[in-house]
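Novice: Pasting a predicted model and its sequence here:
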Amino acid sequence: MVGSIVPALLWGVAFANIVRGVPLDVHHTYTGGFFDLLNPYALLGGVTTLLLFLTHGAVFLTVTTEGEVRSRARRLALWSGAATIVAAASFLLWTGLVHGNPVYWLLAAAAAVLLIGSVLANLFGFERRAFALTALTVLFAVASLFAALAPDVMPASNDPANSLTIANASSTPYTLTAMSWTSPSSSPTRRGRTGCSASGSAARPSRAFRTAATATAPAAPAPAAPPRRVSGRSREPPARRRRRSRDPRRGRPTTIPARGRGRPRAGRPPRAARRSA
């Protein structure tokens, strides 16, 4: 849990400090302390990204699970989504009032609309749409921060002359040319691998496992039905109901038909002979 919460929190703290600016010297070296990075604006940015990523993960669970886990994830996504709307509105408004420009306001408005739409989609049961909307929210929110940051890369809060800009922070022309040819050639491979992994995890695990379990698990034997009885007697044919007796002459069991019909008992005369006697 710590490995998931701390990076999500620090990600927003770092980006908020980059937009706000940090103290730099003439050599573009950081001169502040650790607690200078934990200012209210940066902490609000960290809480915003933490809640946004929590909502995104909860919506992903509603897409890939079923049953009780899905219900709990859906409730968590609704509560965290409402909290994310409040935190994100405060953070984007603060950023716009200090560092805003027309491009920033356009991207921030798009991120806000997408976030509200994702919460409403999850509320009405459209989990896949909610997941896509939260992903777009992250994209537009990050783009709005870069729009507020331009043309700086790392503004200096103590002296604007010490800021890192696109011009003085870029690589040499040779490095830029090499990376321009290398990145497009390797990007399709990475994107294809990521797309295959995402498409494989998009199905609900319970459905996939249900098919495999049905095909491999042995069928359970059907429970034997108890014999039906009428007036306290079994409905089995009388010829099959036998009683056990012992033959006095041979000392072994003898099967005798029920109700006294068929063979006479061993050691006794037939019924007609007994009546005549």
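Specialist: That came through, no problem. Numbers count the residues shown, from 1 in each chain.
Novice: Now for Gly117: which residues touch it?
Specialist: Gly117 makes contact with Leu133 under the criterion Cβ atoms under 8 Å, 6 or more residues apart in numbering. (Each C-beta comes from the backbone N, C-alpha and C, glycine too.)
Novice: Could I get the full set of strands for this structure?
Specialist: With DSSP state E as the criterion, the chain has strands at 152-154, 164-165, 229-230, 233-234, 242-246, 253-257.
Novice: residue ranges for the helices of the stretch 101-250 of the chain, please.
Specialist: Assigned by DSSP state H, counting those that start in this stretch, the stretch 101-250 of the chain shows helices spanning 102-123, 127-149, 166-169, 173-201, 205-216.
Novice: between those helices, which gets nearest to Thr48?
Specialist: Proximity to Thr48 (Cβ to Cβ) singles out helix 127-149 among the helices of the stretch 101-250 of the chain, at 8.2 Å.
Novice: Mind listing what's buried along the closest one?
Specialist: Of the residues in helix 127-149, those with enough neighbours to count as buried (16 or more other Cβ atoms under 10 Å) are 127, 129-134, 136-138, 140-141, 143-145, 147-149.
Novice: Repeat that for stretch 39-57.
Specialist: Taking 16+ other Cβ under 10 Å as the neighbour-count basis, stretch 39-57 is seen to contain the buried residues 41-42, 44-57.
Novice: can you tell me which of those residues are in helices?
Specialist: For these, membership in helices holds for 41-42, 44-57, with DSSP state H as the criterion.
Novice: hang on, the earlier thing: would you list the helices of the stretch 101-250 of the chain in CSV and tack on mean pLDDT and distance to Ala88?
Specialist: Listed next are those as CSV, based on pLDDT from 0 to 100; distance: least, Cβ to Cβ, whole Å:
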stretch, mean pLDDT, distance to Ala88
helix 102-123, 94, 6
helix 127-149, 93, 7
helix 166-169, 80, 27
helix 173-201, 73, 25
helix 205-216, 50, 31
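Novice: Next, format those helices as a markdown table and append distance to Val2.
Specialist: Converted to a markdown table, the helices of the stretch 101-250 of the chain look like this (distance: least, Cβ to Cβ, whole Å):
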| stretch | distance to Val2 |
| --- | --- |
| helix 102-123 | 26 |
| helix 127-149 | 22 |
| helix 166-169 | 33 |
| helix 173-201 | 24 |
| helix 205-216 | 25 |
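Novice: Could you point out which of those sits nearest Thr65?
Specialist: The stretch from those with the least distance to Thr65 (Cβ to Cβ) is helix 205-216; that distance is 6.9 Å.
Novice: Which neighbouring elements make contact with the lengthiest helix in the chain?
Specialist: If you go by DSSP H, the chain has its longest helix at helix 67-99. Here helix 67-99 touches helix 2-20, helix 40-64, helix 102-123, helix 127-149, going by 3 or more Cβ pairs under 8 Å, 6 or more residues apart in numbering; DSSP states H and E.
Novice: now Leu149, nearest residue through space, not along the chain?
Specialist: Val19 (5.4 Å; Cβ to Cβ, 6 or more residues apart in numbering).
Novice: Surely that neighbour is in contact with Leu145?
Specialist: Yes - taking contact to mean Cβ atoms under 8 Å, the distance of 5.6 Å between Val19 and Leu145 places them in contact.
Novice: can you list residues touching both of these two?
Specialist: A shared contact of Val19 and Leu145, defined by Cβ under 8 Å, 6+ apart, is any residue touching both; here these are Thr95.
Novice: Name all residues that make contact with Val59.
Specialist: Residues in contact with Val59, defined by Cβ under 8 Å, 6+ apart, are Ala73, Ala77, Ser118, Asn122, Glu127, Ala130, Phe131, Thr134.
Novice: Would you mind checking which of those residues is nearest to Pro188?
Specialist: Distances from Pro188 to these, taken by Cβ to Cβ, are shortest for Phe131, at 23.9 Å.
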